[in-house]
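Trainee: for reference, the sequence and a predicted model appear below.
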Amino acid sequence: MSTAFESVSTAQMVDCVDQGEATLIDVRPIDAYNGWPQPGQRRGGHLPGARTLPAHWADYIDWIEIVRDKGLAPEQPLIIYGADDGDVDRVASQFRRAGFDRVSVYRHFADQWCERDELPLATMPRYRYLVSPHWLADRQQADDRSVVVCHCHYRNPGDYDQGHVPGALALDTNWLESAETWNRRNPTELRAVLERLGIRVDSTVVLYGRFSHPRNSDPFPGSSAGHLGAFRCAFILMYAGVRDVRMLNGGMQGWQDAGMPVSTDAVEPEQAVDFGAEIPGRPELAVDVPEARLMLAADDANLVCVRSYPELIGEVSGYNYIEKKGRIPGAVFANCGSDAYHMENYRNLDHTTREYAEVEAEWRRLGITPDRHNAFYCGTGWRGSEAFFNAWLLGWNQIAVFDGGWFEWSSDPSNPVETGIPEAMA
């Protein structure tokens, strides 16, 4: 089989973007796709309408499953582009071996689209809040003291000790959550924690955690849920009023995959004299049970369930400390993935955040749209916080986390509960 591919010119690519006659495949790292310029390039972002399929994913045994999950079929015409011709040819060849015969390549993206302002580029609306390892490394090299990096874990300081981003502080999720209810702590407690960590209202805070393999079962969160806990911390910091809260895309694995150094040196925080504002600074980001009940009855709101299907139908509660099984009647189901500790439907196989247009398209199919007030929840707030942050990255503003989630809702016998397969899904 020939390895030669038809090469598309810049003029032809402009027409393709305008007319949408081919599916465009971006093989650069997903951070560049989202909007971050790659080293040596002036602009980041992707061709309008393009899909992301980074070249290193071609090494995954599940590559063809990823392709199918993206709705790509062999009869579709594809144009593969990126910043490196070797990556472009590699992915194009992978498609050809998979039976895709209508594959072309575009080799001038870096020197044309990344440099010429008149050529359109699309970006994730708030991509700056999902930072790339290179951006964070640049901030550290510049000794930017306004940036506070936190390595998040759940009751597992050894996770920090085994290796972290140089300069990062350890942050136990329990410091921000009540150990009894798993809800956010009260304003006085939050102020004490944030000031102890040296975090002020005007700080830039970058959060991340560590993963295990996404298919490993782990009934206790520990280190494997560190990055999921980081999203929980991000929500609570935003609720408290920190104005610039960011996530490291891909967490600790993304940092290491980018070839960045790892430290085992413990870093002691510098106490902040004062947080600098009242807490909570954004109380509207948190919904509690009374407002959740009102949202269920409202025509312009969604209570969004970010749980797994077994939890939805009442097969399991999801947690060994929650006895009651079932779901909240009237909530919109936005499936997280396999169980209470994984978010496969919101992440890529390398743990980076899923292509944002795919998340938004699925939400819109379910009636989860930015014109409505959407409060995301799960069992105790972690998965709901990750979905909430996805909505924030999309540029949505009418969003919140139903903090008590299934744990608090199911603890009150006066709250209605359903089990079994929902009628709409039967």
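Mentor: Structure's in. What do you need?

Trainee: can you tell me what sits against stretch 56-74?
Mentor: Counting contacts by C-beta atoms under 8 Å, 6 or more residues apart in numbering, the residues outside stretch 56-74 that touch it are 23, 51, 53, 78, 90-91, 94-95, 98-101, 257, 348-350, 355, 358. For the C-beta atoms, the positions are set from N, CA and C on the backbone; glycine is no exception.

Trainee: the same query, at a cut-off of 10 Å, please.
Mentor: If you take C-beta atoms under 10 Å, 6 or more residues apart in numbering as the criterion, stretch 56-74 is touched by 23, 25, 27, 29-30, 51-53, 78, 87, 90-91, 93-95, 97-103, 215, 257, 345, 348-350, 354-355, 358, 361.

Trainee: for stretch 289-304, same thing?
Mentor: The set of residues that contact stretch 289-304 without belonging to it, under C-beta under 10 Å, 6+ apart, is 284, 287, 328-334, 363, 366-369, 371-378, 384, 387-388, 391, 398-405, 408-409, 411-412, 415-416.

Trainee: which of the contacts of stretch 56-74 are buried?
Mentor: Applying 16 or more other C-beta atoms under 10 Å to these, the neighbour count classes 23, 25, 27, 29-30, 51-53, 78, 87, 90-91, 93-95, 100, 103, 345, 348-350, 354-355, 358 as buried.

Trainee: in helices, which of these fall?
Mentor: Secondary structure of the buried ones among the contacts of stretch 56-74 is defined by DSSP state H; positions in helices are 30, 87, 90-91, 93-95, 358.

Trainee: which residues sit in contact with Q94?
Mentor: Taking C-beta under 10 Å, 6+ apart, we find Q94 in contact with 27, 53, 55, 57-59, 63-64, 67, 80, 100, 103.

Trainee: typo on my end, it should be G314
Mentor: Contacts here follow C-beta under 10 Å, 6+ apart; on that basis G314 touches 324-327, 417-421.

Trainee: hang on, it in a helix?
Mentor: No: G314 sits outside any helix when classified using DSSP: H, G, I helix; E, B strand; the rest coil, being coil.

Trainee: with just CA atoms, put stretch 307-317 into PDB.
Mentor: Listed in PDB are the C-alpha atoms of stretch 307-317, where the atom choice follows Å, rounded to 0.1, in the frame of the first residue of the first chain:
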ATOM      1  CA  ARG A 307     -23.200   9.700  38.300                       C
ATOM      2  CA  SER A 308     -22.800   6.300  36.700                       C
ATOM      3  CA  TYR A 309     -25.600   4.200  35.200                       C
ATOM      4  CA  PRO A 310     -25.500   1.600  38.000                       C
ATOM      5  CA  GLU A 311     -26.000   4.400  40.500                       C
ATOM      6  CA  LEU A 312     -28.800   6.000  38.400                       C
ATOM      7  CA  ILE A 313     -30.900   2.900  38.400                       C
ATOM      8  CA  GLY A 314     -30.300   2.000  42.000                       C
ATOM      9  CA  GLU A 315     -28.100  -1.000  41.500                       C
ATOM     10  CA  VAL A 316     -25.400   0.500  43.800                       C
ATOM     11  CA  SER A 317     -25.200   3.700  45.900                       C
END
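
Trainee: where does the protein have low pLDDT?
Mentor: 1-3, 212-225 (pLDDT under 70).

Trainee: pull the longest helix from it.
Mentor: For the chain, the helix reaching the highest residue count under DSSP H is reported as helix 226-240.

Trainee: surely E284 is within a helix?
Mentor: Yes: E284: assigned to a helix according to three-state DSSP.

Trainee: determine the number of other residues adjacent to it.
Mentor: Other residues near E284 come to 13 when the count uses other C-beta atoms under 10 Å.

Trainee: distance of it from T352?
Mentor: In this view, E284 and T352 are 29 Å apart by C-beta to C-beta, to the nearest Å.

Trainee: swap in G281?
Mentor: Applying C-beta to C-beta, the value for G281 to T352 is 29 Å.

Trainee: looking at these two, which has the bigger crowd around it?
Mentor: It is T352, of G281 and T352, that has more neighbours when counted by other C-beta under 10 Å, with 24 against 18.

Trainee: my read: the more buried one touches N34, true?
Mentor: Yes: under the criterion of C-beta atoms under 10 Å, T352 makes contact with N34 at 9.1 Å.

Trainee: which residue is nearest the middle of this structure?
Mentor: The residue at the geometric middle of the chain, judged as the C-alpha nearest the mean C-alpha position with C-alpha atoms, centre = their mean, is T353 (3.8 Å).

Trainee: got the phi/psi numbers for E278?
Mentor: Here the main-chain torsion angles of E278 (degrees, to the nearest 10) amount to phi -70, psi 150.

Trainee: that one: neighbour count?
Mentor: Other residues close to E278 by other C-beta under 10 Å number 12.

Trainee: quick one, what contacts D288?
Mentor: Residues near D288 by C-beta under 10 Å, 6+ apart: 183-184, 375, 400, 402-404, 408.

Trainee: so among the residues you listed, which ones count as buried?
Mentor: 183-184, 375, 400, 402-404, 408.

Trainee: from those, pick the one nearest R307.
Mentor: If you rank the buried ones among the contacts of D288 by distance to R307 using C-beta to C-beta, F402 comes first, at 11.8 Å.

Trainee: other SSEs contacting the host helix or strand of A400?
Mentor: With secondary structure defined by DSSP states H and E, A400 is part of strand 399-402. Contact here means 3 or more C-beta pairs under 10 Å, 6 or more residues apart in numbering; DSSP states H and E; on that basis strand 399-402 packs against helix 226-240, strand 286-287, helix 289-297, strand 301-305, strand 373-377, helix 382-393.

Trainee: okay, the angle between the next helix or strand after the longest one and helix 226-240?
Mentor: Same thing as helix 226-240. Helices and strands here follow DSSP H and E; after helix 226-240, the next one along the chain is strand 244-248. For strand 244-248 against helix 226-240, the angle by axes from the mean of the first three to the mean of the last three C-alpha atoms, to 10 degrees is 170 degrees.

Trainee: what helices or strands is the helix or strand following strand 244-248 leaning on?
Mentor: Toward the C-terminal end, the helix or strand that comes next after strand 244-248 (DSSP H and E) is helix 251-257. The helices and strands touching helix 251-257, judged by 3+ C-beta pairs under 10 Å, 6+ apart, are helix 133-141, strand 147-153, strand 204-208, helix 226-240.

Trainee: looking at those, which is buried most?
Mentor: Across the helices and strands packed on helix 251-257, averaging neighbours per residue (mean count of other C-beta atoms under 10 Å) puts helix 226-240 on top, at a mean of 27.

Trainee: run the angle between that helix and strand 147-153 for me.
Mentor: On the basis of the same axes, to 10 degrees, helix 226-240 is oriented at 130 degrees to strand 147-153.

Trainee: can I get helix 226-240 as CSV, trimmed to CA atoms?
Mentor: Output for helix 226-240, consisting of C-alpha atoms alone and laid out as CSV, is shown next (Å, rounded to 0.1, in the frame of the first residue of the first chain):
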residue,chain,number,x,y,z
GLY,A,226,-6.1,13.0,43.3
HIS,A,227,-6.9,14.9,40.1
LEU,A,228,-10.7,14.4,40.6
GLY,A,229,-10.2,15.9,44.1
ALA,A,230,-8.4,18.8,42.5
PHE,A,231,-11.5,19.7,40.5
ARG,A,232,-13.4,19.6,43.8
CYS,A,233,-10.8,22.0,45.3
ALA,A,234,-11.1,24.2,42.3
PHE,A,235,-14.9,24.6,42.8
ILE,A,236,-14.5,25.4,46.5
LEU,A,237,-11.7,28.0,45.8
MET,A,238,-13.9,29.7,43.2
TYR,A,239,-16.8,29.6,45.6
ALA,A,240,-14.6,31.2,48.3
